[in-house]
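**Q** Make a model of this:
(one chain, ligands or ions: 2)
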Amino acid sequence: MAGQREIWLGQQRDPDNPAYYIGEYLALRGELNFSLFERAVRQTVNEVEAFHLEFSTGAGVPQQRVRGERDWRLHVVDLTNEHSANDVAVQWMQDDLARPVDLSASLITQAIFKISPEEVFWYQRAHHIAADGFCGPIVIARAAQIYNELLAGTPQASEPLKPIDLLLDADRLYRASEEFEVDKAFWKNEFSDIPEKFTLGGRGVSGTLRTRIRNKTILPSLESADLKALARSYRTSLSGLILAASAIYLHRMSGMQDIVLGLPAVARTGGTQRGIPGMMNNTLPVRLTMQPDMSLEQAVRHVTLRVREVLRHQRYRYEDLLRDLRVEPGQVLHSLTVNVMSFDYGVQFGDCETSAHNLRGGPINDASIAVYDRAEGQGIEVAFDANPDLYTEEENERNAERFLRVLEWLKNAPSAQTISEATVLGADERRRLLVDWNDTDVDVPDATFPELFEAQAARTPSATALVFAGAEVSYAELNRRANRLARLLVERGLGPESVVALCFRPGIDMIVALLAVGKAGAAYLPLDPKYPADRLAYMVRDAAPAVALTAAQELAALPDGVEPIVLDQPQLAQYLAKLPDSDLTDDERRGRLRPHHPVYIIYTSGSTGTPKGVVIPHGGLTNYLVWAAKVYPELRGRTAFHASYAFDGSVTTLQGPLACGGAVVVAASDDTFVDALEGASLDLLKVTPSHLPLLAMSTGGAVPSKRLLLGGEPLRRQELEQWRRQHPSLQVVNHFGPTETTVGCADHHINPGDDLAEGTVPIGGPIDNTRTYVLDAGLRPVPVGVAGELYVAGSGLARGYLNRAGLSAQRFVACPFGGPGERMYRTGDVVRWRADGQLEYLGRADHQVKVRGFRIEL
Ligand code: AMP
Ligand code: MG
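**A** Ligands and ions are numbered 1, 2, ... in the order given. I've put the predicted structure just below:
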């Protein structure tokens with residue numbers, strides 16, 4: 001049969017692997033005539049032809065036939081004198097299920113355990129090639145029938161089980177029938193486009209067959225009778241209800257609307273076929289559309305109708321469909337299988353009560369939910385199974401808990417409630433995500449960047465602040481020059497809330513000017529002379545700087561519409577030399593400089609879209625600089641400033657060291673920074689990951705001795721690993737942050753010798769006084785491991801976009817988790833929490849891309 005062939009091939013690829021075993025046991029309680037029971041079991045097992053199949057490979061094609069003789073063994077184990085007979089028996093079964101496969105030997109294990117005078121376990125294990133999950137009830141019902149007849153003294157009153165040929169013939173007939181073609185067309189139409197796949201573990205597919213890990217919960221609070229009554233009120237079955245819960249669960253876990261569930265189906269037609277044990281079952285990929293604003297009732301209805309529809313085409317094999325669709329080998333369309341089985345077999349052996357217990361249900365692809373509807377009064381049993389290659393036990397347990405929460409919700413929610421309100425997070429997890437992992441409050445001095453720099457200049461006046469083209473500038477000297485220029489700006493009427501453009505190529509004057517603007521209390525607007533002229537012109541029009549500090553050689557690049565102050569003009573230099581060079585006080589300034597005043601305006605995004613000016617206040621910059629000096633102590637050593645100052649990534653290694661006493665080696669230009677830094681003997685360097693290959697070519701001069709910061713773009717494990725092998729003693733940091741949150745809002749540290757986990761390199765957790773939230777479209781936190789959009793709140797937030805109130809309101813939204821009036825920034829980045837509280841970067845929610853660290857909106 002077609003389904004058997006897939007199993008046969010799967011087993012050939014991994015011959016010993018016991019993943020294809022299925023096993024269960026039936027517990028019988030009460031007065032049992034043991035010898036009659038044993039006879040009934042023997043007779044039943046003999047009748048099941050599927051258990052006695054034998055395989056051969058003629059011409060490469062597997063053939064099967066039913067063995068003539070019945071050479072199987074019934075183990076009878078008396079445990080009535082054992083201490084925990086129950087456990088001993090189950091352990092025996094588990095050991096049996098772990099045994100390597102031999103397809104040339106018997107396909108089954110049969111054992112009867114006497115647990116106590118009132119209790120017997122009947123264990124059956126079969127290879128999946130012989131039996132599917134629907135065989136258990138058939139076999140057990142037949143055994144009960146024989147036993148009851150023996151007990152009544154009317155042996156052989158009923159007919160034996162029918163031969164497996166009937167199933168095989170039906171399968172052959174079906175595959176040659178018109179119905180087969182109809183089904184094929186149906187399924188191809190269902191998947192005329194291939195839906196994006198979501199897996200709970202987010203880890204893609206596993207190549208090997210694995211025995212599932214299982215998280216089993218018995219839910220006494222969810223009486224099957226209650227659930228069935230609820231199902232009836234929704235005009236569906238228990239199975240329909242559980243499938244709806246699963247679809248809602250996947251929808252809430254993924255945020256996706258196009259959901260595919262795997263539904264095991266008997267794939268047999270007619271009463272006769274349904275009474276013959278064998279391997280016929282099929283998995284149906286049920287494609288569902290789950291919209292967040294659907295009511296619970298609509299969702300249940302939709303799922304029920306869809307299931308009904310696909311069941312009409314259940315005989316068309318999934319493997320055939322995958323081949324039709326040219327799905328890559330090993331891939332499937334669904335990630336979660338959902339199976340609801342009645343384990344109330346409703347059989348009685350004389351007066352004995354029975355209960356069935358599933359032990360193993362064949363190999364697992366990704367994850368599966370199996371619900372066993374047990375006998376009256378025993379509740380339902382939910383087994384959440386997972387492939388151990390893709391999930392840890394803990395992750396599986398969490399997923400199980402979340403599913404149960406959705407089930408609870410479904411049970412209690414009014415039918416008109418929307419499915420977006422289904423609860424997946426528990427209170428503990430919610431607190432961990434929102435509070436514990438965002439517990440970053442620390443005190444930060446109430447000082448601006450110029451004040452931090454001035455304090456440093458007072459502490460270490462003769463220390464080197466800048467190194468450029470062979471010359472060195474001390475802290476005291478840099479401070480004096482900046483103070484004089486600041487006084488000039490104040491004379492020109494500039495102060496807090498004014499904007500001063502800077503148009504320089506890298507050099508000492510650029511940095512003097514940048515400090516001077518801050519000291520005057522104004523915000524600097526970097527105009528990189530290398531930027532396209534129309535972009536610079538736009539920035540000048542938009543930000544309307546009062547003046548532009550620049551150099552004679554940049555005048556050509558400076559757009560019209562702003563008055564230049566040319567620093568290297570001789571008269572100006574003479575004038576400046578006469579101004580006092582002590583630190584400015586608030587009294588001298590045009591107004592008091594406070595933390596909410598802007599310190600810089602940096603334009604982002606827009607080689608095609610309109611660039612927007614991000615207005616960063618002093619408070620945010622101070623918070624970042626104080627934090628950076630704490631976590632990157634090498635900023636007090638030698639660092640390099642090589643990236644464009646029109647890009648906030650450069651703040652870390654320019655303002656960063658100047659706020660804490662480091663020496664900044666100023667490189668002429670980004671493209672040649674490796675050459676420019678030859679011999680610089682740096683302690684710390686910050687680059688984008690795309691610079692790594694350049695850095696690998698450096699003969700050593702540009703490579704820092706202590707710490708490498710990487711940021712601005714996704715960091716791939718592989719390229720980092722390669723690089724780390726060459727520089728094993730370096731501290732490496734993945735530094736993350738949008739311009740809108742002041743340079744960086746999260747970082748992940750990789751110490752020498754640390755192994756990188758599979759997947760992407762995490763971006764870490766929030767920095768000081770910062771909170772990071774991973775939210776769904778309704779601004780609800782998503783669970784650990786689930787992709788959501790990253791929102792950032794806290795000290796680093798920009799004031800907004802200059803002159804773009806509407807856009808600011810869209811991206812800086814009210815924070816539902818903070819105090820009154822608090823905002824959070826919507827990054828547009830898709831991330832997920834790892835179980836250890838580190839964030840993993842997954843991609844963008846929009847069409848923004850980065851080229852060498854620069855944002856571009858497509
Ligand atoms: P920018 O405003 O130029 O700093 O760009 C910010 C954007 O760059 C973020 O929203 C991310 O999309 C991306 N980005 C920055 N740092 C990282 C990082 N370490 N890993 C992945 N993406 C990053
Ligand atoms: Mg950034």
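**Q** residues contacting residue 371?
**A** By Cβ atoms under 8 Å, 6 or more residues apart in numbering, the residues touching residue 371 are 238, 242, 338, 339, 340, 341, 380, 381, 382, 383. Quick note: C-beta positions are derived from backbone N, CA and C, even for glycine.
**Q** Between these, which sits nearest residue 545?
**A** Using Cβ to Cβ, residue 338 is the member of those that lies nearest residue 545, at 61.5 Å.
**Q** give the contact list for the spatially closest residue to residue 119 that is not a sequence neighbour.
**A** Counting by Cβ to Cβ, 6 or more residues apart in numbering, residue 29 is the residue found nearest to residue 119 once chain neighbours are left out, at 5.3 Å. Contact analysis of residue 29 by Cβ under 8 Å, 6+ apart lists 118, 119, 352, 353, 354, 355.
**Q** can you tell me which residues contact residue 697?
**A** Contacts of residue 697 by Cβ under 8 Å, 6+ apart are residue 674.
**Q** which bits of this protein sit near ligand 1?
**A** The chain comes close to ligand 1 at residues 604, 648, 711-715, 734-739, 763, 827, 829, 841, 844, 850, 855, as judged by Cβ under 6 Å from any ligand atom.
**Q** Apply 5 Å and report the result again.
**A** For the chain, the residues in contact with ligand 1 (Cβ under 5 Å from any ligand atom) are 604, 711, 712, 714, 734, 736, 738, 739, 827, 829, 841, 855.
**Q** Now the two most distant members of these.
**A** Maximum distance among these (Cβ to Cβ): 20.1 Å, for 604 and 734.
**Q** Have a look at the two and say which one is more surrounded.
**A** residue 734 (23 against 20; other Cβ atoms under 10 Å).
**Q** Surely that one is in a strand?
**A** Yes - checked against DSSP: H, G, I helix; E, B strand; the rest coil, residue 734 lies within a strand.
**Q** and residue 72, what element?
**A** Using DSSP states H and E, residue 72 sits within no helix or strand.
**Q** tally of neighbours for the closest residue to it other than its chain neighbours?
**A** The shortest distance from residue 72 to any residue other than its chain neighbours is 5.0 Å, reached at residue 106 (Cβ to Cβ, 6+ apart). Applying other Cβ under 10 Å, we find 19 residues neighbouring residue 106.
**Q** now swap in residue 28 and tell me
**A** With other Cβ under 10 Å as criterion, residue 28 counts 25.
**Q** what do you get for residue 172?
**A** 12.
**Q** what's it sitting at in phi/psi?
**A** When read as degrees, to the nearest 10, the backbone of residue 172 gives phi -60, psi -50.
**Q** And it, how close does it get to residue 253?
**A** Per Cβ to Cβ, to the nearest Å, residue 172 is found 41 Å from residue 253.
**Q** chain center to the one helix or strand residue 601 maps to: distance?
**A** Assessed by DSSP H and E, residue 601 sits inside strand 598-604. Strand 598-604 sits 32 Å away from the centroid of its parent chain (Cα atoms, centre = their mean, to the nearest Å).
**Q** what helices or strands is it leaning on?
**A** For strand 598-604, the elements it packs on are strand 523-526, helix 533-543, strand 612-617, helix 618-631, judged by 3 or more Cβ pairs under 8 Å, 6 or more residues apart in numbering; DSSP states H and E.
**Q** quick one, which of these is nearest to residue 200?
**A** That would be helix 618-631 among the helices and strands packed on strand 598-604, by Cβ to Cβ, at 33.7 Å.
**Q** can you pull the buried residues of the closest one?
**A** Within helix 618-631, the residues scored as buried using 16 or more other Cβ atoms under 10 Å are 618, 619, 620, 621, 622, 623, 624, 625, 626, 627, 628, 629.
**Q** Chain neighbours aside, what residue packs nearest to the third one?
**A** Distances taken as Cβ to Cβ, 6+ apart place residue 742 nearest to residue 620, at 4.0 Å, with adjacent residues excluded.
**Q** Contacts only, for that neighbour.
**A** Taking Cβ under 8 Å, 6+ apart as the test, what residue 742 contacts is 616, 620, 621, 623, 624, 648, 651, 795, 796, 797, 798.
**Q** one more time with 7 Å, if that's ok
**A** 616, 620, 621, 624, 796 (Cβ atoms under 7 Å, 6 or more residues apart in numbering).
**Q** How about residue 646?
**A** Applying Cβ under 7 Å, 6+ apart, the residues near residue 646 are 526, 528, 531, 602.
**Q** ok, 6 Å please
**A** 526, 528 (Cβ atoms under 6 Å, 6 or more residues apart in numbering).
**Q** cool, residue 103 as well?
**A** By Cβ under 6 Å, 6+ apart, the residues touching residue 103 are residue 55.
**Q** From residue 21, how far out is it?
**A** 12 Å.
**Q** before we move on, what about residue 540?
**A** 74 Å.
**Q** The two: who's more crowded?
**A** Using other Cβ under 10 Å, the more surrounded residue of residue 540 and residue 21 is residue 21, with 24 against 21.
**Q** Leaving out chain neighbours, which residue sits closest to that one?
**A** Residue 21's closest residue in space is residue 97 (Cβ to Cβ, 6+ apart), at 5.1 Å.
**Q** Over to residue 75?
**A** Excluding the flanking residues, the one nearest residue 75 by Cβ to Cβ, 6+ apart is residue 111, at 3.8 Å.
**Q** Can you spell out which residues form a bridge with the residue in the stretch 401-550 of the chain positioned nearest to ligand 1?
**A** Nearest residue of the stretch 401-550 of the chain to ligand 1, counting by Cβ to the nearest ligand atom: residue 526, 13.2 Å away. Beta-bridge pairing for residue 526 (DSSP bridges): residue 502.
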